[in-house]
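Enquirer: Sequence and computational prediction follow.
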Amino acid sequence: MRWLSKTRYKVGFLIPTCLVYVIFIIAPIAIAIWYSFTRYSGIGQARFIGLSNYVRLIHDPFFWKSGANTIIIFVVASVLLMILSFFIALLLNNKLRFIDLSKSLIFSPAIIAPIIVGIIWVYILDPKVGIINGLLRAIGLRGWAKQWIGGTV
């Protein structure tokens, strides 16, 4: 474990993480900022127009209205969520009549959601009626259709 205390090993372990961070977080943000200074429809060449987009944004009444609505929704939702979550936690901590049922009802979405996702993947990967094999058969690639989760068709 002594080798972990050397700085070069620490830097060596950090480099892959930093590369992923730069590629998937920093670079897209920088590209988005660059495109905010251009006129670009997604097709063709981007044309640099400077601060024109921002000037148009400042003079747009819908921008200010949507910004105000976003702030109101954020503040109200944050305050309500904090207060309601605190009181629900207090209620669930007490010994009340149907507390076990209440706890299970509150916790059930955390259990049911992964089950539903699993069922959806079964319908996607099913060898007989699954979407993937159906698409492969529809485009004439019957030989590629297989049982995706273990075994063969």
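Expert: Arrived safely, thanks for sending. Numbers count the residues shown, from 1 in each chain.

Enquirer: what about residue 19, how many residues close to it?
Expert: 10 (other Cβ atoms under 10 Å). Placement of C-beta: from N, CA and C, glycine included.

Enquirer: C-terminal to the helix or strand that contains it, what's the next element?
Expert: In the assignment (DSSP states H and E), residue 19 maps to helix 7-21. Following helix 7-21 in sequence order, the next helix or strand is helix 27-36 (DSSP H and E).

Enquirer: Alpha carbons only: can I get that next one in CSV?
Expert: This file holds the C-alpha atoms of helix 27-36, laid out as CSV (Å, rounded to 0.1, in the frame of the first residue of the first chain):
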residue,chain,number,x,y,z
ALA,A,27,-16.4,19.8,-24.2
PRO,A,28,-20.2,19.7,-24.8
ILE,A,29,-20.6,22.8,-22.6
ALA,A,30,-17.8,24.6,-24.5
ILE,A,31,-19.4,23.6,-27.8
ALA,A,32,-22.8,24.8,-26.7
ILE,A,33,-21.3,28.2,-25.7
TRP,A,34,-19.6,28.5,-29.1
TYR,A,35,-22.8,27.7,-30.9
SER,A,36,-24.6,30.3,-28.9
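
Enquirer: chain center to that helix: distance?
Expert: Centroid separation for helix 27-36 versus its chain: 20 Å, with Cα atoms, centre = their mean, to the nearest Å.

Enquirer: Quick check: end-to-end length of stretch 50-63?
Expert: Criterion Cα to Cα, to the nearest Å; first-to-last residue distance in stretch 50-63 is 19 Å.

Enquirer: buried residues in that stretch?
Expert: Within stretch 50-63, no residue qualifies as buried by neighbour count (16 or more other Cβ atoms under 10 Å).

Enquirer: Return the mean pLDDT over that stretch, rounded to an integer.
Expert: Mean pLDDT, stretch 50-63: 95.

Enquirer: repeat for stretch 126-137
Expert: For stretch 126-137, the per-residue pLDDT averages 89.

Enquirer: what does that stretch rub up against?
Expert: Stretch 126-137 has contacts (Cβ atoms under 8 Å, 6 or more residues apart in numbering) with 123, 124, 125, 142, 144, 145, 146, 147, 148, 153.

Enquirer: One more: stretch 60-73?
Expert: The contact list for stretch 60-73 (Cβ under 8 Å, 6+ apart) reads residue 57.
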